[in-house]
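Got a sequence here, can you model it:
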Amino acid sequence: MLTIENLHASVADKPILKGISLSLNPGEVHAIMGPNGSGKSTLSYVLGGRPGYEVTEGSVTLDERDLLGMGADERAAAGLFLGFQYPVEIPGVSNVQFLRTALNAQRRARGEPEMSAGDFLRLAREQADALGISMEMMKRNVNVGFSGGEKKRNEMVQMGIIDPRLAVLDETDSGLDIDALRVVAEGINRIMRKPDKAVLLITHYQRLLDLVVPDFVHVLAEGRIVRSGGPELAHQLEREGYSEIAA
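Numbers count the residues shown, from 1 in each chain. Okay, here's the model as predicted:
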């Protein structure tokens, strides 16, 4: 599904990614772990198409299509969802308005009919109920006045409505208490644990991986993947830290 080959990228002329190669197949969850400054968020931003991140070498394909040649909106229409470590607030735009506009823009790009207001509200209510978000919150401005946990749950509602093929989740467990972490993990499993979908889960902590058990764990250090393994690698990192493994 996703194939990254020898990916190099820079920010403000500073090299950050220095030759990443990685493949995700449908039905798989891959976790990326690593110390601060290793390039984890840069990788997610490059995949999402954030401006200011320059790819200097390598290739990325999604379902055999050149991902790097697409704009951010085209990547979303192709099935990529990017979850942010710090979801942004959008004053003046309600969740419902934002999500219906986004969903129908993607449906148009794929040649599908737009979803009616009634069908969309039923879908939004179903996804919001599953994540413990009230419809009153869905009518509020996007993330404005939300707690950290509410922002992350709201992002899972967005993912459930958009229904992507590939989710790239950048430290989606950041700032969550135990209960919110469990709700978000259940959302990831419910929405994305399917044979035609895949997840690239970026995290610092093994606790999320007890709830969303990955097929593979990769350690990123100084812009390169220096170690790969199964779920047991996350437990080793929790015990020993990065210094030995990423050396």
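
Please count neighbours and contacts with C-alpha atoms only from this point.
Fine.

If you count neighbours, what's buried in the one helix or strand Ser23 maps to?
Assigned by DSSP states H and E, Ser23 belongs to strand 14-24. The neighbour-count check on strand 14-24 (16 or more other C-alpha atoms under 10 Å) flags 15-21, 24 as buried.

could those residues be laid out in a markdown table, adding pLDDT and distance to Gly83?
Output for the buried residues of strand 14-24, formatted as a markdown table (pLDDT from 0 to 100; distance: C-alpha to C-alpha, whole Å):
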| residue | pLDDT | distance to Gly83 |
| --- | --- | --- |
| Pro15 | 95 | 23 |
| Ile16 | 95 | 20 |
| Leu17 | 96 | 20 |
| Lys18 | 95 | 23 |
| Gly19 | 95 | 23 |
| Ile20 | 96 | 20 |
| Ser21 | 96 | 21 |
| Leu24 | 96 | 17 |
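
Output those as JSON lines; include the columns distance to Leu169.
Shown next, in JSON lines, are the buried residues of strand 14-24 (distance: C-alpha to C-alpha, whole Å):
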{"residue": "Pro15", "distance to Leu169": "22"}
{"residue": "Ile16", "distance to Leu169": "19"}
{"residue": "Leu17", "distance to Leu169": "18"}
{"residue": "Lys18", "distance to Leu169": "21"}
{"residue": "Gly19", "distance to Leu169": "21"}
{"residue": "Ile20", "distance to Leu169": "18"}
{"residue": "Ser21", "distance to Leu169": "18"}
{"residue": "Leu24", "distance to Leu169": "14"}
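
Find the helix or strand that Thr56 is a member of.
Applying DSSP H and E, one finds Thr56 within strand 53-62.

show me where pLDDT drops low in the protein?
244-247 (pLDDT under 70).

try 80
Where the chain drops to pLDDT under 80, the residues are 85, 174-175, 205, 242-247.

tally of neighbours for Val226?
Val226 has 15 neighbours, counted by other C-alpha atoms under 10 Å.

buried stuff in the strand or helix carrying Asp119?
Under the criterion DSSP H and E, the helix or strand holding Asp119 is helix 117-130. For helix 117-130, burial by neighbour count (16+ other C-alpha under 10 Å) applies to 120, 124-128, 130.

Between strand 53-62 and the host helix or strand of Val168, find me the angle.
Using DSSP H and E, Val168 maps to strand 166-170. Computed by axes from the mean of the first three to the mean of the last three C-alpha atoms, to 10 degrees, the angle separating strand 166-170 from strand 53-62 equals 150 degrees.
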